[in-house]
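Q: Sequence unavailable; structure follows:
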Ligand SMILES: Nc1ncnc2c1ncn2[C@@H]1O[C@H](COP(=O)(O)OP(=O)(O)OP(=O)(O)O)[C@@H](O)[C@H]1O
């Protein structure tokens with residue numbers, strides 16, 4: 001076997017390197033053109049923030065990426081696969097295996113332990129019970145959340161949101177999405193969760209796409225896009 005400089009660098013085909021490719025995505029709701037021919041690609045190992053006024057369609061854009069809303073026209077490719085015409089079961093599999101999602105309030109089940117909350121996402125994606133529990137414990141340790149807590153409801157706000165990040169990572173997704181992930185946190189925890197999230201593309205090789213009003217997150221991001229009146233444009237900095 002060759003060693004050192006003879007070893008070729010990791011190679012990704014273009015689909016593998018781009019976990020998210022939106023092209024010409026339009027979405028009309030109640031007669032209003034909310035997304036107008038939106039193009040957006042996110043590369044592995046990079047972060048992208050989408051900002052825009054309240055009601056401009058940022059959450060709707062994420063819903064199209066997750067296959068929860070169907071665009072009026074255009075193409076949405078996740079992990080190299082077109083999802084806009086997928087059957088429900090296939091789409092659910094892409095959503096649970098290739099996409100991790102972090103919501104503003106964490107959306108965890110307060111009565112379960114943190115380990116069970118994280119492991120549950122693994123079980124739903126088809127992991128065995130033992131592997132799901134082992135991965136959950138390892139991720140929580142990595143993200144500095146106590147695995148001794150009896151219920152997730154007793155965690156602090158910051159720990160709660162770090163648990164939500166662990167849950168999103170259990171399948172090692174190529175695409176990590178977050179909708180206002182720091183919106184419910186105090187400034188100190190906001191910083192810690194932001195540090196953690198924006199470290200993940202380099203650490204795990206995923207593409208991170210965050211929808212937020214938080215300027216601190218925009219400043220940490222490799223790319224910043226602004227959504228206004230249906231048009232998405234990259235903000236030069
Ligand atoms: N099913 C629907 N029927 C009617 N209007 C809808 C529907 N879904 C979304 N909208 C409207 O589309 C607009 C965009 O909503 P969206 O939640 O995507 O915006 P946003 O940019 O994420 O806002 P915020 O920053 O306040 O979270 C809003 O005016 C919303 O009321």
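A: Yep, that arrived. For clarity, every value in this text was computed on a predicted model and none was experimentally measured.
Q: contacts, neighbours, all on C-alpha from now
A: Will do.
Q: To which secondary structure element is the spatially most central residue of the chain assigned?
A: The residue lying closest to the centre of the chain (Cα atoms, centre = their mean) is residue 177, at 1.7 Å. Under the criterion of DSSP states H and E, residue 177 resides in strand 175-179.
Q: related to what we said a few turns ago, from the ligand, how far off is the residue nearest to the centre of the chain?
A: For residue 177, the distance to the ligand (Cα to the nearest ligand atom, to the nearest Å) stands at 13 Å.
Q: so what's that residue up against?
A: Residue 177 sits next to 62, 99, 100, 101, 102, 208, 209, 210 when contact means Cα atoms under 8 Å, 6 or more residues apart in numbering.
Q: In helices, which of these fall?
A: Counting by DSSP state H, these place residue 62 in helices.
Q: Following the chain onward from the strand holding residue 177, which element is next?
A: That would be, after strand 175-179 and using DSSP H and E, helix 187-204.
Q: So what angle separates the directions of that next one and strand 175-179?
A: Helix 187-204 runs at 170 degrees relative to strand 175-179, counting by axes from the mean of the first three to the mean of the last three Cα atoms, to 10 degrees.
Q: got the buried residues for helix 187-204?
A: 189, 190, 191, 193, 197, 198, 199, 200, 201 (16 or more other Cα atoms under 10 Å).
Q: So what's the gap between that helix and the chain middle?
A: Mean C-alpha position of helix 187-204 versus that of the full chain (Cα atoms, centre = their mean, to the nearest Å) differs by 13 Å.
Q: for the ligand, what are the nearby residues on this structure?
A: The chain comes close to the ligand at residues 29, 30, 54, 55, 56, 57, 58, 59, 60, as judged by Cα under 6 Å from any ligand atom.
Q: on that earlier part again, who does the strand holding residue 177 pair up with?
A: Sheet pairing of strand 175-179 (DSSP bridges) gives strand 99-102 (parallel), strand 207-211 (parallel).
Q: could you dump those to CSV with mean pLDDT and mean neighbour count?
A: Formatted as CSV, those follow (pLDDT from 0 to 100; neighbours: other Cα atoms under 10 Å):
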stretch, mean pLDDT, mean neighbour count
strand 99-102, 94, 25
strand 207-211, 97, 26
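Q: Of those strands, which is nearest residue 232?
A: Closest to residue 232 of the strands paired with strand 175-179, according to Cα to Cα: strand 207-211, at 12.5 Å.
Q: outside of the closest one, which residues touch it?
A: Under Cα under 8 Å, 6+ apart, the answer for strand 207-211 is 18-20, 42-51, 58-59, 174-181, 198, 200-201.
Q: one step back: are any of the residues of the chain next to the ligand buried, and which?
A: Using 16+ other Cα under 10 Å, the buried members of those are 56, 57, 58, 59, 60.
Q: thought the last one was touching residue 69?
A: Yes. A contact is recorded between residue 60 and residue 69 when judged using Cα atoms under 8 Å, the distance being 7.3 Å.
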